[in-house]
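> I would like the atomic coordinates for the input below:
(4 chains)
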4 protein chains.
Amino acid sequence: MKPIPVAVLGATGSVGQRFISLLDNHPWFTVVALAASDRSVGQKFSDACRWVLNEPMPEYARDMVVVSASPDSVQAKIVFSALHNEIAKDLEPQFAKAGAAVCSNASSYRREEDVPLLLPEVNAEHIQLVKIQRQQRDWSGCILTNPNCTSTGLTVALKALDDSFGVKKVFAVSLQALSGAGYPGVSSLDIIDNVIPNIGGEEEKVEWEPRKMLGKMADSKIQLSDIRFSAHTNRVAVIDGHTVCVSVEFAQRVSPEDAIQVMRSYQAPASARDLPSSPRPAISVREEADRPQPRLDRLTGKGMTTVVGRLRRDPLLDLKFVVLSHNTIRGAAGGSIYNAELLVNENLL
Amino acid sequence: MKPIPVAVLGATGSVGQRFISLLDNHPWFTVVALAASDRSVGQKFSDACRWVLNEPMPEYARDMVVVSASPDSVQAKIVFSALHNEIAKDLEPQFAKAGAAVCSNASSYRREEDVPLLLPEVNAEHIQLVKIQRQQRDWSGCILTNPNCTSTGLTVALKALDDSFGVKKVFAVSLQALSGAGYPGVSSLDIIDNVIPNIGGEEEKVEWEPRKMLGKMADSKIQLSDIRFSAHTNRVAVIDGHTVCVSVEFAQRVSPEDAIQVMRSYQAPASARDLPSSPRPAISVREEADRPQPRLDRLTGKGMTTVVGRLRRDPLLDLKFVVLSHNTIRGAAGGSIYNAELLVNENLL
Amino acid sequence: MKPIPVAVLGATGSVGQRFISLLDNHPWFTVVALAASDRSVGQKFSDACRWVLNEPMPEYARDMVVVSASPDSVQAKIVFSALHNEIAKDLEPQFAKAGAAVCSNASSYRREEDVPLLLPEVNAEHIQLVKIQRQQRDWSGCILTNPNCTSTGLTVALKALDDSFGVKKVFAVSLQALSGAGYPGVSSLDIIDNVIPNIGGEEEKVEWEPRKMLGKMADSKIQLSDIRFSAHTNRVAVIDGHTVCVSVEFAQRVSPEDAIQVMRSYQAPASARDLPSSPRPAISVREEADRPQPRLDRLTGKGMTTVVGRLRRDPLLDLKFVVLSHNTIRGAAGGSIYNAELLVNENLL
Amino acid sequence: MKPIPVAVLGATGSVGQRFISLLDNHPWFTVVALAASDRSVGQKFSDACRWVLNEPMPEYARDMVVVSASPDSVQAKIVFSALHNEIAKDLEPQFAKAGAAVCSNASSYRREEDVPLLLPEVNAEHIQLVKIQRQQRDWSGCILTNPNCTSTGLTVALKALDDSFGVKKVFAVSLQALSGAGYPGVSSLDIIDNVIPNIGGEEEKVEWEPRKMLGKMADSKIQLSDIRFSAHTNRVAVIDGHTVCVSVEFAQRVSPEDAIQVMRSYQAPASARDLPSSPRPAISVREEADRPQPRLDRLTGKGMTTVVGRLRRDPLLDLKFVVLSHNTIRGAAGGSIYNAELLVNENLL
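Predicted structure coming up:
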């Protein structure tokens, strides 16, 4: 296969950096452009970017010259968007119109009826919406979105349970990592020896996005799942990795053992199972009393695996458990890349 | 009033230190003995103790010589117990038998039918159990307990709501401070850039203790409240102050505004309202979007006030909110001292 | 004494907040105005300010309406300046001209020959420069400055040693707190699990400011001390309290015991010894192997005392030790207030 | 080449874990035994060990059964020792006598005249001491040691400078990571919002070990370097990576540019240059104003490279700079493995 030229929009931000890191030596994709705001345009990437990841900046990116985030400056079949929502809203359709497949981490188009909100191991078939999208909007390109980082691990875990037992109600309380707020993001004075018990706009996303992803597709439309959610979101002093405490009510009686068994054996749909970024395994279930923990488990399956632990009975609903997912890998850049791979694999590029 | 001689058992530990700090210049009590394990006995307190509080060790304690934790070595009307549970189980009755009022932070006797589990602003009348306890056990002293630190703020907030609206079900997810695990307690390698999603034995306490404290007393017995609880407890990188995310179902429809109003106007029973350690106010309700926060709010009312924020509708139950309480002041040493003051005020010493 | 009306400029920032907190119930001063940037003017202080201190916002400040930082809007005998340097440079002389005594934490005028750079326990006599300043500049008010927060504790410790033994050379490596960078200041992603080994402009200040403060005054001029300094400054994950590792060469042989003795007995000059903010003691010397520590020792003497520990021989120079000082109390707001008190005490207001 | 069977002693501790992680897929070595204390013997490694590294436990180790740390239970040509010093003192000679090459991270034998204290990129020729050692002690095996983690990066940087310019005096102030204290090691209550300004025994090591490594070998003996050191060591809230602030006096005048040039071009001796664990490059010099930083730079060269930054003039000595080295990779397990590779390469196994 000939390498597919790709670009990163919003390359200097923390999610942009994660894209650049994950695309280093990607078997299918070659980064041909790094785009960022006017302030950075024309500079070498290594000068323009304050790198915040643990792993060093990949060599290939250091000397690339940052370009403007417009279809004219960026010649790529796939553009990965780490743009802020307001900017994404304006720019992403321009790229789609110009023929690029936009794999976006922004929330701007997640709720559009013809835009897939995609976790390939959960709802790979939703990618077919791209055809409708192209028809309706007269685009040669398209927009694919990945969900909010907190919804990500939660939805993967619920998918396995919902398929087998039918999920009715979900309580979710998150302890979210700092990288989710971007850079500079959260002030150190706000989080050292502290917790911030609110993240603006996050609870609404967690209460809605899983319903679209767990919805069935019929007549080229997605029927929202009628699972009901209550979410409470918190920021804690963790660099990467969102932890979510979940309580679930099922349509039937379910034992912790059954739930463990179902999650352990859960597999992505065939089309999403063997892609370069496919999580291996899709879900890892830990049986220790105190796992998953973000620092120790966020890199499971190269950061793409959803890690679940503490499966036990809930005195009010049926079961409770803890879900961990790497918020800037599975929950952001890695998720968008996985979406792009599915698009290629389905010959929808 | 003549100063009442008091002692601290387990004086060198982190809760013991908090007792010593809070008893500095107490208007009613004078510390006459600091007791700890054999390793420390005979040493000056300042040599025996690795002090871990932000505020300096009080002068009065520095040169006191640590004594053994036995009724023979400790001559005090009130003994504050910061002992480990297994040791408390054995030693506290010896003190009670010898005539001391034991105000204990240990969990050993919390579930005994004739032992008050006490938050004076919630269930001051339960202190009357002391009379039964003395009769049944033939003690001249007594044992009073304060609840687990996570149950503390939660129960104060629920009390106000339960009185007015009737609480039926409660979801509680905690983000707990490190000081709750004692010293050395949690390894730094376990909590920097991390969350531990479990605290051994804690969830059972949070699901049971509030039911005793919110129970009615009839015929000298406490009828457990039939509120149903589900708890999930986490450890986070915070020094002091437990944050709890709570969702509540009521017996009737309740608006956030009504709940705020009821919590704001909540007062301790008359006998517990004007004691030296009475929280002022009992509950502080914050209306900012991102409060309470442990570092900023844990010292509200000198660490004795329960701080509530983010009152809002819950999509599954009725309301959700956040509760913060200082775990080693209101939730441990300060709570025990408040209990002792109530005992004195009720002429039950 | 009639209360002296004072104001805080830059009231919403982190140093401004510290001024407000320390001026609560001050025996001599009453806050009559809180001034901040245009964005905040006209708002209630509690709405305009994102409070970041551990202790709650004082009641007196909550409902004050923020005014503009100009002599027209601020009627006060003393103005405490927590302004940014560039703004301070412009505004502070306007206040001095209009008759106010400006006690400034900004660095803009520290190097001016007729402006005292003041630590009252070190160089109280330098306040006499105010007379020269008024003459030369035709001001009825004046400007007093306090040094950079890292220079503060270092200079106090060196003063005691220099008086007795003559200091020749000083190596100083700092581990500085986050509050020194203001709010939002340092991003959490830059400091959790990390160190930043540089603080812009800080090393130059630490290498120069102590020389002015330790300089002798002769003929109404200050002769810079000829002690030579090398400084290396680092940012670490500490909320408050700067730690400095110091190695010193003396003009004569000095034992650790002699140095301890000299620091323990060090006293502020008589005019600065019994002011409301005088540190009690001026220097606290700890003999434990692992003190001072910022979290445990920064509040020594209400945050005004310089804490020294680990006095020992240095294999290259003569002695080495550790100095700790609370950077926003002794090293900023508390220092400015102490300066103001000295001004009043010397009848120079 | 046939895989060489190796073992890890002290396998469950934090350095032991790092050995296990770094030996995963090693091109020359195969782990055949994991040894630990009696408490763990007979258990599966995944049950016996509380894993604390960011990266997951390697698959190969999970099901290995922990054996006793004695030559009888461990059949390996090379044993990597992560034992505590007192235990190492007793056990390591038993292994050496039984024919194993002991590559030790313990400090017990570092000062022995016939035991190499080895950083291959610095003093590869010191490995020849092994021959003397075998002769004198009548061992078929041997003991090789790697230095204290703080000395490691410091010595690599000094070697490059000393070779070119002659180093006379060195000031070194460290900001050390928590993993250096093992697990559980430092209590979270001691380090969150705090610094510990002392690490027991560390300063003596930093002031002596570099002198052995920078010493010349003549007549089968090492002549200690006469560079003079002063060290101050601190613990900070960093998981991995020791930062050291260094000031150096040379025998001649040296500009920062010359020093950068010399460090950049520094290479390991030929025998140590192309081993599997050779750092690539030996030294990385950063020119940004605020690097190196532990979280961002500790994994440079897979954690084996010494990272230097902030080269600038020192007002007292000649130059100052910052050195960063990964304390459990380059400064411990990775260093020992690199030593073992040199031993194999020199046909001394």
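> drop to CA atoms for contacts and neighbour counts, all remaining ones
Will do.
> Distance of the residue of the stretch 201-349 of chain A found nearest chain D relative to B:Lys89?
Nearest residue of the stretch 201-349 of chain A to chain D, counting by C-alpha to the nearest C-alpha: A:Leu296, 4.8 Å away. Distance of A:Leu296 to B:Lys89, given as C-alpha to C-alpha, to the nearest Å: 37 Å.
> With A:Gly309 instead?
33 Å.
> And for A:Ile192?
37 Å.
> more neighbours, the two?
Each of A:Ile192 and B:Lys89 has its neighbours counted (other C-alpha atoms under 10 Å in any protein chain shown); A:Ile192 has more, 24 against 15.
> Skip the chain neighbours and tell me the closest residue to the more buried one.
A:Ala237 (6.5 Å; C-alpha to C-alpha, 6 or more residues apart in numbering or on different chains).
> How is chain A divided into domains?
A:4-148+A:333-345, A:149-326 (automatic domain parsing).
> which residues are contacting the worst-scoring helix or strand of chain A on mean pLDDT?
Lowest mean confidence among the helices and strands of chain A (mean pLDDT, DSSP states H and E): strand A:216-218, at a mean of 93. Residues outside strand A:216-218 that contact it (C-alpha atoms under 8 Å, 6 or more residues apart in numbering or on different chains) are A:Glu125, A:His126, A:Ile222, A:Gln223, A:Leu224, A:Ser225.
> One more: stretch A:342-349?
A:Lys77, A:Ala101, A:Pro120, A:Ala124, A:Ile127, A:Val130, A:Gly141, A:Ser271, A:Ala272, A:Leu275.
> again, only using 7 Å
Residues outside stretch A:342-349 that contact it (C-alpha atoms under 7 Å, 6 or more residues apart in numbering or on different chains) are A:Ala101, A:Ala272.
> Which strand residues bridge A:Ala35?
Counting by DSSP bridges, A:Ala35 forms beta bridges with A:Leu9, A:Val67.
> Then A:Arg313?
A:Leu319.
> contacting residues around it?
Applying C-alpha under 7 Å, 6+ apart, the residues near A:Arg313 are A:Pro256, A:Leu319, A:Lys320.
> Now for the residue of the stretch 201-349 of chain A closest to chain D, how many residues are close by?
Residues near A:Leu296, counting by other C-alpha under 10 Å: 21.
> Kindly report the residues of the stretch 101-250 of chain A close to chain B.
Counting by C-alpha under 7 Å from any C-alpha of the partner chain, the residues of the stretch 101-250 of chain A close to chain B are A:Asp193, A:Asn194, A:Val195, A:Ile196, A:Pro197, A:Asn198, A:Phe229, A:Ser230, A:Ala237, A:Val238, A:Ile239.
> Tell me the pLDDT of the nearest residue to A:Leu117 once chain neighbours are set aside.
Closest residue in space to A:Leu117, ignoring its immediate chain neighbours: A:Thr145 at 4.9 Å, by C-alpha to C-alpha, 6+ apart. At A:Thr145, the model reports a pLDDT of 98.
> In this structure A:Thr145 contacts A:Leu118, no?
Yes: contact status for A:Thr145 versus A:Leu118: in contact at 6.1 Å, counting by C-alpha atoms under 7 Å.
> So which bits of the stretch 101-250 of chain A are right by chain D?
So the stretch 101-250 of chain A meets chain D at A:Asp193 (C-alpha under 7 Å from any C-alpha).
> next SSE after the helix or strand harbouring A:Val122?
Element membership of A:Val122 [criterion: DSSP states H and E] is helix A:120-123. Next helix or strand after helix A:120-123 toward the C-terminus (DSSP H and E): helix A:129-137.
> Identify each buried residue in that next one, please.
A:Leu129, A:Val130, A:Lys131, A:Ile132, A:Gln133, A:Arg134 (16 or more other C-alpha atoms under 10 Å in any protein chain shown).
> and the residue of chain A most remote from its centre, what pLDDT?
No residue in chain A sits farther from the centre than A:Pro315, which is 31.5 Å out by C-alpha atoms, centre = their mean. pLDDT, A:Pro315: 97.
> now swap in A:Asn54 and tell me
According to the model, A:Asn54 scores 82 on pLDDT.
> Next, give phi and psi for the residue in the stretch 201-349 of chain A positioned nearest to chain C.
Nearest residue of the stretch 201-349 of chain A to chain C (C-alpha to the nearest C-alpha) works out as A:Ile239 at 6.7 Å. A:Ile239 adopts backbone torsions of phi -70, psi -60, taken as degrees, to the nearest 10.
> how many other residues sit next to it?
24.
> go on, A:Asp38?
11.
> and it, what does it touch?
A:Ser68.
> what about A:Gln267, which SS state?
Under DSSP: H, G, I helix; E, B strand; the rest coil, A:Gln267 falls in the coil class.
> Give the helix, strand or coil label for A:Phe80.
Applying three-state DSSP: A:Phe80 is strand.
> is it true that it touches A:Ala101?
No: using C-alpha under 7 Å, A:Phe80 makes no contact with A:Ala101, being 8.4 Å away.
> so what's the closest residue to chain C within the stretch 51-200 of chain A up against?
At 3.9 Å from chain C, A:Ser188 is the closest residue in the stretch 51-200 of chain A, using C-alpha to the nearest C-alpha. Residues near A:Ser188 by C-alpha under 7 Å, 6+ apart: C:Val186, C:Ser187, C:Ser188.
> swap the cut-off to 8 Å and go again
C:Leu178, C:Pro184, C:Gly185, C:Val186, C:Ser187, C:Ser188, C:Leu189, C:Ile191, C:Ile192 are the contacts of A:Ser188 under C-alpha under 8 Å, 6+ apart.
> if I look at the nearest residue to it once chain neighbours are set aside, how far off is D:Pro281?
Excluding its sequence neighbours, the residue lying closest to A:Ser188 (C-alpha to C-alpha, 6+ apart) is C:Ser188, at 3.9 Å. The gap separating C:Ser188 from D:Pro281 is 30 Å, by C-alpha to C-alpha.
> Now do A:Ala7: how many residues are near it, please.
Counted with other C-alpha under 10 Å, A:Ala7 comes out at 27.
> Helix or strand for it, just tell me which one.
strand A:4-9.
> Setting the sequence-adjacent residues aside, check what's closest to the residue of the stretch 1-150 of chain A found nearest chain B.
Closest residue of the stretch 1-150 of chain A to chain B, C-alpha to the nearest C-alpha: A:Asn54 (12.5 Å). Nearest residue to A:Asn54 in three dimensions, chain neighbours excluded: D:Leu296, at 4.8 Å (C-alpha to C-alpha, 6+ apart).
> Now do the helix or strand hosting A:Glu92: everything it contacts.
Using DSSP H and E, A:Glu92 sits within helix A:85-97. The contact list for helix A:85-97, computed with C-alpha under 8 Å, 6+ apart, reads A:69-71, A:79, A:81, A:101-102, A:106-109, A:138-143.
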